[in-house]
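> I would like to see how this sequence folds:
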Amino acid sequence: MTIYDIAKEAGVAASTVSRVINNKPGIKLETRLRIQELLKKYNYTPDVAARGLVMQSTKMVGILMADIRVEHHTNSAYVIEQELTKRGYCCITMSTGSSDEKKAEYIRILEQRRVEGVILMGSMFATKKVKESIQKHLPKVPVVIANGYLDLPNVSGILVDEEHGVEQCVDLLVRKGKRKIAFALDSRSPSNSNKQQGYCNGMRKNGAKEADIWLYEAEASSLQGGYDVTQKIFDEHPDVEGIVYSIDLIAVGGIRAAHDRGIRVPEQVGMIGVDNSIYGEICIPKLTTLNNKLYDLSESAALLLREGLEGRVQSKKMMLFSEIIEREST
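Model (predicted):
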């Protein structure tokens, strides 16, 4: 059943049916009700793709993340999608992988899909290759980076002050009497570099010498990666009193490693993660974590993109401030 079939049965022009579908004024009430009854009778659904061709609008938004299995990013994408769907947009979510070449290639794929806006999930998209790809393929499309930024006229960024937040995590452990503190990284990204810098700042501020700044990197961003890197810390620094982890997931692996060693958390070693994820709430003891404002970040990303999609002036940068949620591991 097409719009022309509805029009023929109603005894009106196809343009009149179109005006009713789009809730436009200027149609007699009797005619409007007759057309609406026919639309209901035949379960008529407008062809969004065809309408897009006429209106030169796809109403499609691309959401890119490096790994769709990362709970933090998928939760954020869900909030963004819900906000944009309310306003008639359809979201395409894609997993790019970790290489800059793949990320740049997915920018090109979004150009082919004729998206009207893009959200990039995570600071790992704030790279030179991604910037060049946006310039080449999406120079006039509004782009928002969640927890990152690129200096381009069509790009906005929401940043979270994780550097200062992790510095405060070190302060918390020191207040608990724990001064021999290590830092465990799960992967390399601008966001994680800021977290590591915050740890270094906190250690120096609290009087640590350079030899007392213990930096480690897990082989994988996983429970096992956290378990293994924590065992390495215990082997090399049996006197360690605290560990700050770049994400909750590897911190939970660290809690298990401490359990298997017979090391009490937090009595012997205090542990802190970052993300305020479900992992920290279900482990024993419950994990103290740095809340980097996932929900606020996601809502802000959707808001900034809407400004761009509606042709309003986009804010170039927005800063959110993290906060510590103290639980049982400290």
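> where does pLDDT dip in the protein?
1, 45-57, 313-315 (pLDDT under 70).
> for it, just list every one of the helices.
In the chain, helices defined by DSSP state H lie at 3-10, 14-21, 29-41, 48-55, 71-85, 100-112, 128-137, 162-175, 190-205, 223-236, 248-261, 278-282, 294-309, listed in chain order.
> quick check: buried residues in the third one?
What it means is helix 29-41. For helix 29-41, burial by neighbour count (16 or more other Cβ atoms under 10 Å) applies to Thr31, Arg32, Arg34, Ile35, Leu38, Leu39. Just so you know, the C-beta spots here come from the backbone N, C-alpha and C atoms, and that holds for glycine as well.
> can you tell me the closest non-neighbouring residue to the second one?
Leaving out its chain neighbours, the residue that sits closest to Arg32 by Cβ to Cβ, 6 or more residues apart in numbering is Val20, at 5.5 Å.
> my read: the one you found touches Ile27, true?
Yes: using Cβ atoms under 8 Å, Val20 makes contact with Ile27 at a distance of 5.9 Å.
> to Met121, which of the helices of the chain lies closest?
helix 71-85 (4.5 Å; Cβ to Cβ).
> dump that closest one to PDB, keeping only the CA atoms.
Presented in PDB, the C-alpha positions along helix 71-85 are these (Å, rounded to 0.1, in the frame of the first residue of the first chain):
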ATOM      1  CA  GLU A  71      31.100  -2.100  28.900                       C
ATOM      2  CA  HIS A  72      31.900   1.600  29.600                       C
ATOM      3  CA  HIS A  73      31.600   2.600  26.000                       C
ATOM      4  CA  THR A  74      28.500   0.500  25.200                       C
ATOM      5  CA  ASN A  75      26.700   2.000  28.200                       C
ATOM      6  CA  SER A  76      27.600   5.500  27.000                       C
ATOM      7  CA  ALA A  77      26.500   4.700  23.400                       C
ATOM      8  CA  TYR A  78      23.100   3.500  24.800                       C
ATOM      9  CA  VAL A  79      22.400   6.800  26.500                       C
ATOM     10  CA  ILE A  80      23.400   8.700  23.400                       C
ATOM     11  CA  GLU A  81      21.300   6.600  21.100                       C
ATOM     12  CA  GLN A  82      18.200   7.000  23.400                       C
ATOM     13  CA  GLU A  83      18.600  10.700  23.400                       C
ATOM     14  CA  LEU A  84      19.000  11.000  19.600                       C
ATOM     15  CA  THR A  85      16.300   8.500  18.800                       C
END
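> mind giving me the packing neighbours of that helix?
With contacts taken as 3 or more Cβ pairs under 8 Å, 6 or more residues apart in numbering; DSSP states H and E, helix 71-85 sits against strand 60-65, strand 90-95, strand 117-121, helix 294-309.
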